[in-house]
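[1] Just the structure for this:
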Amino acid sequence: MTPAPDGTQPAPGPASSAAFSVVMVDYDGAVSRDDFRRAVAALAAQTCDDFELLVYHDGPKAAAYDDDLADTPRPSRMRTVVTGARANDWGHSNRDRGIREATGRWIVHTNADNLFYPQAIERLKAAVTSDAPYFAARQRPLGWGTKSIAKRWDRWFGSNLQGRALERVTERQIVIYAVLMRGMIPAGNRFRRVPEAGQGQAMVMGGVPVRHGMIDAMQLVMRRDLWLAEGGWSDRSAESDGVLYTRFAAKYNVLVLPEILGEHW
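    Below is the predicted model:
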């Protein structure tokens, strides 16, 4: 296949579609090539290969991807894109592009220095293909003051101003899994990320409750048709994963996979 001028390789035909599309955003000015090679090699080592890897570089690269990965194992289905100009928007425009160009039914987002454990895709596939029922709970998103009033009113009068609902469902819409947050350390009653501590210190982040500061971009796996229905990666702010994921979790069924499947670096 002949790449387009911006470095895009044409999308494969239907026969190449996979269950998952892993959308990886990259910028060689921020991610070392050793870390990038580690990320790609980890995906190549997956125990289940029912996925495609889409790598998007934000702006021109110092070297071609073939040079970066000359001695690195790659997944059997991998495409790379080098954009003509740098958007410098934390990778969000490329996440959106990946959603729209993906062929998989499910979207997995990641940065180019994150690490997936060998069984990650296998565990995710088992979760999304099972028809076992599970409990899904949702409630109406309310502002802090309004939520406090609604909570008291519901307790006193037996109403349901919070819009709380619980049902047994079988449809898979969102799956969330745990990750090891490298370089995350306690800071009083909060936590703080210190990248230089990544080798020796880490915290487990479960991804729930789904809200800003409690979930990383790589932890939420959602169906591509739902991403498109929501307008793709529509928020370009620095913390947009928390903004978007909070909204999605209030609207769709969430299944939590209680396993650590990767590491955020």
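[2] Can you list the neighbours in contact with the helix or strand where residue 126 lies?
    Per DSSP states H and E: residue 126 is located in helix 120-129. Applying C-beta atoms under 8 Å, 6 or more residues apart in numbering, the external contacts of helix 120-129 come out as 19-20, 46-51, 106, 108, 172, 175, 177, 221, 255, 257, 259, 261-262. All C-beta atoms are positioned from the backbone trio N, CA, C, and that covers glycine.
[3] Generate a PyMOL selection restricted to the buried subset of these.
    To isolate the buried subset of the contacts of helix 120-129 in PyMOL, counting by 16 or more other C-beta atoms under 10 Å, use the following:
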select buried, resi 19+20+46+48+50+51+106+108+172+175+177+221+255+257+261+262
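[4] Return the subset of the contacts of helix 120-129 lying in strands.
    20, 51, 106, 108, 175, 177, 221, 255, 257, 259, 261, 262 (DSSP state E).
[5] Now do the contacts for residue 204.
    With contacts defined as C-beta under 8 Å, 6+ apart, the neighbours of residue 204 are 178, 179, 180, 181, 260.
[6] Quick check: it is in a helix.
    No. Residue 204 sits outside any helix when classified using DSSP: H, G, I helix; E, B strand; the rest coil, being strand.
[7] Report all helices and strands that the helix or strand just after the helix holding residue 126 contacts.
    Once the chain leaves helix 120-129, the next helix or strand it forms, by DSSP H and E, is strand 134-138. Under the contact criterion of 3 or more C-beta pairs under 8 Å, 6 or more residues apart in numbering; DSSP states H and E, strand 134-138 touches strand 165-169, helix 240-251, strand 254-264.
[8] Would you give the sheet partners of strand 134-138, along with the direction of each?
    Applying DSSP bridges, strand 134-138 is found paired with strand 165-169 (antiparallel).
[9] Where does the prediction get shaky in the protein?
    Along the chain, segments meeting pLDDT under 70 span 1-16.
[10] What strand or helix carries residue 95?
    Residue 95 belongs to helix 92-101, assigned by DSSP H and E.
[11] Counting by contacts, list what that helix packs against.
    Counting contacts by 3+ C-beta pairs under 8 Å, 6+ apart, helix 92-101 packs against strand 20-26, strand 51-57, strand 106-111, helix 224-229.
[12] any chance of the ones you listed in JSON lines, with distance to residue 130 too?
    As requested, those are exported to JSON lines (distance: least, C-beta to C-beta, whole Å):
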{"stretch": "strand 20-26", "distance to residue 130": "15"}
{"stretch": "strand 51-57", "distance to residue 130": "18"}
{"stretch": "strand 106-111", "distance to residue 130": "13"}
{"stretch": "helix 224-229", "distance to residue 130": "18"}
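[13] From one end of stretch 176-195 to the other, what's the distance?
    Separation of the first and last residues of stretch 176-195 by C-alpha to C-alpha, to the nearest Å is 24 Å.
[14] Buried ones in that stretch, by neighbour count?
    176, 177, 178, 179, 180, 181, 182, 183, 184.
[15] Among these, list the two that are farthest apart in space.
    The span of the buried residues of stretch 176-195, defined through C-beta to C-beta, is set by 176 and 183 at 21.3 Å.
[16] got a list of what residue 168 touches?
    Residue 168 touches 133, 134, 135, 136, counting by C-beta under 8 Å, 6+ apart.
[17] Most neighbours out of those, which is it?
    Neighbour counts for the contacts of residue 168 (other C-beta atoms under 10 Å) peak at residue 136, which has 18 neighbours.
[18] ok, the closest residue to it other than its chain neighbours to residue 244 distance?
    Ranked by C-beta to C-beta, 6 or more residues apart in numbering and with sequence neighbours excluded, the top spatial neighbour of residue 136 is residue 253, at 4.1 Å. With distances taken as C-beta to C-beta, to the nearest Å, residue 253 is found 17 Å from residue 244.
[19] what about these two, which has more around it?
    Using other C-beta under 10 Å, the more surrounded residue of residue 253 and residue 244 is residue 244, with 23 against 18.
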